[in-house]
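**Q** Give me a model of this one.
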Amino acid sequence: MKRLFFLLAFMQIFSFSEGRIYKTVLSEIGPGWAKTSVNAPVFRKNSVVSSANYQFAAYYDSTANVVLARRKPDSHEWEIHTTQYKGNVYDAHNSISIMVDGNGYLHMSWDHHNNPLNYCRSIKPESLEMGNKEQMIGEHENVVSYPGFYRFENGNLLFAYRDGGSGKGNLVLNRYRLETGSWERLHANLIDGEGQRNAYWQMCLDKKGTIHVSWVWRETPDVRSNHDMCYACSKDGGITWENSLGTKYNVPITLASAEVVKKIPQGSNLINQTSMVADSEGNPYIATYFKEPENKCTQFYIIYRLNGEWKTVAATERTLDFEIGGMGSRSIPISRPQLLLTEKDGEKVLHLVYRDEEQDNNIVMVAAKTGDEMKWDRQVISPWPVDRWEPSYDTELMKNENKLHLFFQKAGQGQGEKTVDMPPQKVGVLEVYLK
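**A** Residues are numbered from 1 along each chain as shown. The predicted structure is shown next:
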């Protein structure tokens, strides 16, 4: 099923702060499921992604169909296709992730929370028509969660997912080669929970091709048991791994061998599955939130490496606190963050994007120049409140053109896997013009 949607009067919003003015444009696509946040969790890699000739978006509609849409650059006319696939929209874990490889084929993985792999690819380059479900490798594909794609500069793909459950899972890595059109296993167990815990990771590829991964450990299915921020990187496409000092890891990485870059005890409101970036020199920056013992309120922090040392800086001065705990999807007053970095004329600027109940559940962006001290500007950039939305964005457009395009939809979420009474909400792409 295909249809065209043309936004005749797309919205323009101007957000102001002392230091910056952001112009944003919202291009609407169509209505999407909103009784849970399954369309809008932070760990979608990707919700929106660009190829040479199109930008693609994916979401669930009001009857749980997987919907794909595409538009040409600088156009607000979307071609929309309802695929043959559905997902469990009642569980916010079961999101859709997409990526375009170097030959233009669209890859998609969807509907996962400790269940067999769902994966397919388009029948031809830049098509919205998806083929049949496929295996990737055929092993360690029965208990899959949090699948995510990443693209190398040569157009090959990296695919990461958890094999196993919360509190006892392992990180699996696959690589897709354009020359063979097939997947190969890099690691069946890169980060090992040893049957006692699991790693909740965030990952990025820098411009030099280095893969950076950071993670927190979780000891039980309860989010309260999250602790410590750890780090590893690979400079050979994911084959071998080392810490920030260049010391090689013996794979799999375990609790005992992992480099802890920020010690954070259990019960610190430390959230899992956030984001990270790296600058042109390969320095990693990790965004997360937690509560320091001396702080009365949970804040967003950047954990970063500068001049050979790991540092931590608060990016917010929030006053509305909360406590996180329990199992399953949580309804939390703030979203998990996305972190971006722009570089121009030797100046590096971090941009942190999140949603905050303290700001009436609007989307907020804070920005600061990198360095030993960071002064953060703050501005609201959403056209209206987004309830329990979390940010995800077009990583390839950001990497190649420094353009931030966020997946946009107001979404509800109950505690656990409970729904809220929210009708379908407009899905779109919020274009943010960075300064």
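**Q** Quick check: the gap between the residue nearest to residue 183 when sequence neighbours are not counted and residue 130.
**A** The shortest distance from residue 183 to any non-neighbouring residue, by Cβ to Cβ, 6 or more residues apart in numbering, is to residue 136 (4.2 Å). From N, CA and C alone the C-beta is placed, and that goes for glycine too. Separation of residue 136 from residue 130 (Cβ to Cβ, to the nearest Å): 15 Å.
**Q** so residue 131 touches residue 108, yeah?
**A** No - applying Cβ atoms under 8 Å, one finds residue 131 not in contact with residue 108, separated by 9.8 Å.
**Q** one step back: wait, doesn't the residue nearest to residue 183 sit right on residue 174?
**A** Yes - in this structure, residue 136 is within contact of residue 174 by Cβ under 8 Å, at 5.4 Å.
**Q** any shared contact partners between those two?
**A** Listed contacts common to residue 136 and residue 174 are 159, 183; contacts here mean Cβ atoms under 8 Å, 6 or more residues apart in numbering.
**Q** thought residue 283 was touching residue 303?
**A** No - contact between residue 283 and residue 303 fails when scored by Cβ under 8 Å: they sit 11.5 Å apart.
**Q** thinking again about what came up before, overlap of the contact sets of residue 131 and residue 108?
**A** 120, 121.
**Q** ok, the two, which is more surrounded?
**A** residue 108 (24 against 14; other Cβ atoms under 10 Å).
**Q** wait, what's in contact with the more buried one?
**A** 58, 66, 68, 96, 97, 98, 119, 120, 121, 130.
**Q** Now do the first one, the pLDDT please.
**A** The predicted local distance difference test score for residue 58 is 98.
**Q** Bridge partners for it, pull those for me.
**A** Beta-bridge partners for residue 58, by DSSP bridges, are residue 68.
**Q** give the contact list for it.
**A** 47, 48, 66, 67, 68, 69, 96, 97, 98, 108, 110.
**Q** Check the spacing between it and residue 48 real quick.
**A** From residue 58 to residue 48 the distance is 8 Å (Cβ to Cβ).
**Q** Residue 160 bridge partners, please.
**A** The partner residues for residue 160, given DSSP bridges, come to residue 148, residue 173.
**Q** State the distance from it to residue 147.
**A** Counting by Cβ to Cβ - residue 160 and residue 147 are separated by 7 Å.
**Q** quick one: residue 228 and residue 262 touch, right?
**A** Yes - in this structure, residue 228 is within contact of residue 262 by Cβ under 8 Å, at 7.1 Å.
**Q** Report the spatially closest residue to residue 185, excluding sequence-adjacent ones.
**A** residue 137 (5.0 Å).
**Q** Wasn't that neighbour part of a strand?
**A** No - counting by DSSP: H, G, I helix; E, B strand; the rest coil, residue 137 is not part of a strand but coil.
**Q** mind listing what it touches?
**A** Counting by Cβ under 8 Å, 6+ apart, residue 137 has contacts 174, 183, 184, 185.
**Q** Equivalent analysis for residue 203, please.
**A** 148, 150, 160, 211, 212, 213, 214, 276.
**Q** Secondary structure class of the fifth one, three-state.
**A** The local conformation at residue 212, judged by three-state DSSP, is strand.
**Q** Closest one to residue 371 out of the contacts of residue 137, please.
**A** residue 174 (37.6 Å; Cβ to Cβ).
**Q** Where does residue 397 sit: helix, strand or coil?
**A** Strictly by three-state DSSP, residue 397 counts as helix.
**Q** What pLDDT is listed against it?
**A** For residue 397, the predicted pLDDT is 97.
**Q** Any idea what the nearest residue to it once chain neighbours are set aside is bridged to?
**A** Leaving out its chain neighbours, the residue that sits closest to residue 397 by Cβ to Cβ, 6+ apart is residue 50, at 4.4 Å. Judged by DSSP bridges, the bridge partners of residue 50 are residue 55.
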